[in-house]
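1. for reference, the sequence and a predicted model appear below.
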Amino acid sequence: MSIKSNHFYIKLLAVALIIFGARLWLIHNFGSSVPFWDQWDSEAAFLFLPWLNDSLAFSDLFSAHNEHRIFFTRIHALLLLILNEGQWNPLLEMVVNALLATLTAIILIVILNHLLKPAQNSILISIALLWTLPYGWENTLAGFQSAFYFMML
């Protein structure tokens with residue numbers, strides 16, 4: 001590995017920490033542990049309760065939520081419920097979504113760097129700004145919005 005590539009990975013790590021840190025700051029200051037909007041029916045009523053009552057069918061994971069099929073969001077929410085020992089925590093969902101958003105940004109930077117190597121610093125700065133500024137704050141502050149992050153991935 002050359003010194004230039006080491007510098008790129010250090011910059012990449014810095015951008016990842018900036019993006020993740022900005023999202024954590026937003027969650028810390030404005031996040032709520034109270035479930036929001038669609039979380040009550042889609043997660044609580046139609047996912048978590050059937051899971052906890054051993055009545056969740058595999059087909060339920062593919063059932064419609066409004067006009068969407070949110071299979072990955074449901075799997076994501078169930079995994080977090082299981083890993084959190086049966087505790088539903090919207091703040092945990094928000095933090096994991098912040099990780100997903102950061103991972104998406106890093107993957108995009110790596111792809112663009114491969115395609116447009118001379119513009120490396122411009123790519124890093126642009127992606128850092130696009131992923132750090134809270135213009136999509138609603139998605140950051142609602143744990144149920146992981147579908148958007150999966151879509152970007």
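-> Yep, that arrived.
2. pretty sure residue 19 is touching residue 124, no?
-> No. Assessed by CB atoms under 8 Å, residue 19 is found out of contact with residue 124, at 10.9 Å. (Each C-beta comes from the backbone N, C-alpha and C, glycine too.)
3. okay, these two: which has more neighbours?
-> Counted by other CB atoms under 10 Å, residue 19 and residue 124 do not tie: residue 19 has more neighbours, with 24 against 19.
4. okay, and the more buried one sits in which element?
-> In the assignment (DSSP states H and E), residue 19 maps to helix 3-30.
5. so how far is that helix from its chain's centroid?
-> Offset of helix 3-30 from its chain centre (CA atoms, centre = their mean, to the nearest Å): 15 Å.
6. mind listing what's buried in the helix or strand just after it?
-> Counting by DSSP H and E, the next helix or strand C-terminal to helix 3-30 is helix 49-52. Judged by neighbour count (16 or more other CB atoms under 10 Å), helix 49-52 contains these buried residues: residue 51.
7. stretch 25-43 too?
-> Here stretch 25-43 shows 26, 27, 31, 35, 39, 42, 43 as buried, counting by 16+ other CB under 10 Å.
8. return the alpha-carbon coordinates of that stretch using CSV.
-> What follows is stretch 25-43, C-alpha atoms only, in CSV (Å, rounded to 0.1, in the frame of the first residue of the first chain):
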residue,chain,number,x,y,z
TRP,A,25,-25.6,14.6,17.5
LEU,A,26,-29.0,15.0,15.8
ILE,A,27,-30.4,11.8,17.5
HIS,A,28,-29.0,12.9,20.9
ASN,A,29,-30.5,16.3,20.7
PHE,A,30,-33.8,15.7,19.0
GLY,A,31,-34.5,11.9,19.0
SER,A,32,-37.3,10.4,21.0
SER,A,33,-37.6,7.0,22.6
VAL,A,34,-41.4,7.2,21.9
PRO,A,35,-42.3,5.4,18.7
PHE,A,36,-43.4,7.7,15.9
TRP,A,37,-46.3,7.5,13.4
ASP,A,38,-46.2,4.2,11.4
GLN,A,39,-44.1,2.4,14.0
TRP,A,40,-47.2,1.8,16.2
ASP,A,41,-49.0,-0.3,13.6
SER,A,42,-46.3,-1.6,11.3
GLU,A,43,-43.8,-2.5,14.0
